[in-house]
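Enquirer: quick one: sequence and predicted model below, then my questions.
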Amino acid sequence: MATSLVELRVLDGANLYFSRAAIKLTLDVSAIADAPAPAAKAYAQAIGLGATRPGRIGSGFRQRFAIRVVGHVVRRIAREAGIGRIGVRVRPEADVRRLVVAFPWAHEGRARALGTAIVDVLDAFGADDLTELIAAVGERVREEPPGNPPPTLRPKVPVVAVTGTNGKTTTSRMIAHIGRAAGLHVGWSSTDGVYFDGELVKYGDFSGPSGAGQVLSQPGIQLAVTETARGGILRRGIGVAYNDVSVVTNVTADHLGLGGIDTVDQLAEVKAVITQITRPRGWCVVNGDDPRTFAMRLGSPAKCWVFSRDPDSPSIRTVLDEGGRATTVLDGFVTVLDNARDPEPLLKVVDVPMTLSGLSHYNVENTLAAASAALGLGLPRAAVIEGLSTFAPNENNPGRMNMYSLRGFTVVIDLAHNEAGLEALLEIMNGVRPEGGRLMLALGSPGDRADDMVAALGAMGARATDRVAIGHKSDYLRGRPPEELEAVFREGAASVGVTDVPAFPTELAAAQALVAEARPGDVVAVMSLQHRASLDDWLRSEGATVDTPETLKSKVEKAQH
């Protein structure tokens, strides 16, 4: 027999639906959506829902009708099972025959049983005597052994949670580096692995709840910094019950079309989860130049600390009037603003190596975010200044804007994997290119990105550079044939008049081909997700040297004259 259950997922912590552990059911409600109106109405009445209008088959009105029906089913079964009040969220999906229903849980066994009971009642659409069935499944839920409580951790040390589309890894690393400058033992989890006091403890993607657990289990830890990605929130929820500071860098189009998240607004809703579990006495650090991020302060119990490169930003005025704080750039200085005191300059932007002499606007924002979070934790001003001024791009931030000099030209390795990331990379390439130098780019993308995004990357790269090539990420194709990705990249490039776009099986091969063509003054950049270490080894073997902050400053100055 066909079932309405598409997926039953146990979320172990705060999630898109609740600020605590929840069960998420993805349901196919075709039986309700496609039934004649009299049958749909009869089912609603049989489960105890009063006067309702089902609407036309397959319509949005019918989907809203199904939302009411499913919510009522959950509450009816819960009452029969002896569960008093229960929070229920029912959400539509893009497909009018799909719904998501979620409810919080305190004991996994009983919660799973409730999920199964809901499905049983929905699967009985059109059956006789639903009242008896609801009573029976309610009894079954009541008699189910409770099972384990949620594994959500309650940290005993301060926690900073960082999320955003771009910049979250760099910002997390900067905060951890400042923590160490303050003399603390710092654990940090990210898409690259778990680190403790700067040493890799476990390699892999730990931007989900398991990463938080790994960090907090480190003996002697005094500060935890957790990079929190969209996927982990959707698949498992957040692994900690609360944080002391939350940081949201920005929200732009990325990973859309995955996990039921189809729009940037929906993506922002996912990212906002970390701000909703920030302690009231803590700080919610948000980007004041991103409207979706700035709005997150309204749903957070914490005070707001906004950051913006523009000291006259309306977002700064708003937050200061609300009693919050701000970090901005004032007369070239990273500066903290608070209506109750004088502006507090920390250090010059050009003295923060990660900003590439102030050239990288994105890394200026990451610097402002990291300073805000560290000060929000109560770390000393001197430690913030020391941490920001000693955080070196290549040494402390592998894979993000790493720059080399080789035979008179520049090579940049960066994780850029979406439009905002590529925009930031192109900004850097232009900023260090002397007059007469060419821009050369090795493009790439994971296989699960939407065609329109891949084509946009192709168009952006081809329009902004003198030479573009494709370097595949074989470990990240995710079942997609490389030839298919190539075709979409080339379609994007062709839309701006560029037709010569060679493709290579790896990032390294693409980089080697472009470097072989490069002349003094050129800038070669690689969008690298897979072969960062191999690229670094190969460049060094070719005689490349890592750019120091002084070298970068001189390149920027030369490019500006």
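Expert: Noted; the coordinates are in hand. Residues are numbered from 1 along each chain as shown.

Enquirer: sheet-wise, list the partners of the strand ranked longest in the chain with their directions.
Expert: If you go by DSSP state E, the chain has its longest strand at strand 278-287. Strand 278-287 sits in its sheet next to strand 243-248 (parallel), strand 303-307 (parallel), going by DSSP bridges.

Enquirer: can you give me the offset of the helix or strand that the last one is followed by from its chain's centre?
Expert: I take that to be strand 303-307. Next in sequence after strand 303-307, counting helices and strands by DSSP states H and E, comes helix 314-321. The chain centre lies 25 Å from the centre of helix 314-321; the measure is CA atoms, centre = their mean, to the nearest Å.

Enquirer: tell me which residues of helix 314-321 come out buried.
Expert: Residues of helix 314-321 classed as buried under the neighbour-count rule (16 or more other CB atoms under 10 Å) are 315-320. (Glycine included, C-beta is placed from N, CA and C.)

Enquirer: buried stuff in the following helix or strand past that helix?
Expert: Along the chain past helix 314-321, the next helix or strand (assigned with DSSP H and E) turns out to be strand 325-330. Applying a neighbour-count criterion of 16+ other CB under 10 Å, the buried positions in strand 325-330 are 325-329.

Enquirer: make a markdown table from the residues you listed and add pLDDT and distance to residue 346 to it.
Expert: Listed next are these as a markdown table, based on pLDDT from 0 to 100; distance: CB to CB, whole Å:
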| residue | pLDDT | distance to residue 346 |
| --- | --- | --- |
| 325 | 97 | 13 |
| 326 | 97 | 13 |
| 327 | 98 | 8 |
| 328 | 97 | 11 |
| 329 | 97 | 11 |
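
Enquirer: identify the farthest-apart pair in the residues you listed.
Expert: The span of the buried residues of strand 325-330, defined through CB to CB, is set by 325 and 329 at 15.1 Å.

Enquirer: what pairs with the host helix or strand of residue 27, parallel or antiparallel?
Expert: Element membership of residue 27, judged by DSSP H and E, is strand 22-28. The pairing partners recorded for strand 22-28 under DSSP bridges are strand 5-11 (antiparallel), strand 98-104 (antiparallel).

Enquirer: state the helix or strand in which residue 500 lies.
Expert: No secondary structure element spans residue 500, as it lies outside all helices and strands (assigned by DSSP H and E).

Enquirer: what's the neighbour count on it?
Expert: Residue 500 sits with 10 neighbouring residues when counted by other CB atoms under 10 Å.

Enquirer: the one 10 residues further on too?
Expert: The number of residues packed near residue 510 is 27, by other CB under 10 Å.

Enquirer: now the one 3 residues further on
Expert: Residues contacting residue 513 under the criterion other CB under 10 Å number 17.

Enquirer: also the one 10 residues further on?
Expert: By the other CB under 10 Å criterion, the neighbourhood of residue 523 contains 27 residues.

Enquirer: the closest residue to residue 80 other than its chain neighbours - how many residues pack around it?
Expert: If you skip the residues right next to it in sequence, residue 80 has residue 138 as its closest partner in space, 2.4 Å away by CB to CB, 6 or more residues apart in numbering. Neighbouring residues of residue 138 were enumerated by other CB under 10 Å; the total is 21.

Enquirer: for the host helix or strand of residue 138, packing partners?
Expert: Secondary structure assignment for residue 138, by DSSP H and E: helix 130-143. Of the remaining helices and strands, those touching helix 130-143 by 3 or more CB pairs under 8 Å, 6 or more residues apart in numbering; DSSP states H and E are helix 37-46, helix 60-80, helix 108-123.

Enquirer: strand 303-307 and the host helix or strand of residue 371, what's the angle between them?
Expert: Using DSSP H and E, residue 371 maps to helix 361-377. Angle of helix 361-377 versus strand 303-307, following axes from the mean of the first three to the mean of the last three CA atoms, to 10 degrees, is 150 degrees.

Enquirer: convert the C-alpha atoms of helix 361-377 to PDB, please.
Expert: Once side chains and other backbone atoms are set aside, the C-alpha atoms of helix 361-377 remain, and they are given as PDB (Å, rounded to 0.1, in the frame of the first residue of the first chain):
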ATOM      1  CA  HIS A 361      36.000  44.400   1.300                       C
ATOM      2  CA  TYR A 362      34.700  40.900   2.300                       C
ATOM      3  CA  ASN A 363      37.600  40.400   4.700                       C
ATOM      4  CA  VAL A 364      37.200  43.900   6.100                       C
ATOM      5  CA  GLU A 365      33.600  42.700   7.000                       C
ATOM      6  CA  ASN A 366      35.000  39.400   8.400                       C
ATOM      7  CA  THR A 367      37.400  41.500  10.500                       C
ATOM      8  CA  LEU A 368      34.600  43.600  11.900                       C
ATOM      9  CA  ALA A 369      32.500  40.500  12.700                       C
ATOM     10  CA  ALA A 370      35.400  38.800  14.500                       C
ATOM     11  CA  ALA A 371      36.300  41.900  16.500                       C
ATOM     12  CA  SER A 372      32.600  42.300  17.500                       C
ATOM     13  CA  ALA A 373      32.300  38.600  18.600                       C
ATOM     14  CA  ALA A 374      35.600  38.700  20.600                       C
ATOM     15  CA  LEU A 375      34.700  41.900  22.400                       C
ATOM     16  CA  GLY A 376      31.100  40.500  23.000                       C
ATOM     17  CA  LEU A 377      32.700  37.600  24.700                       C
END
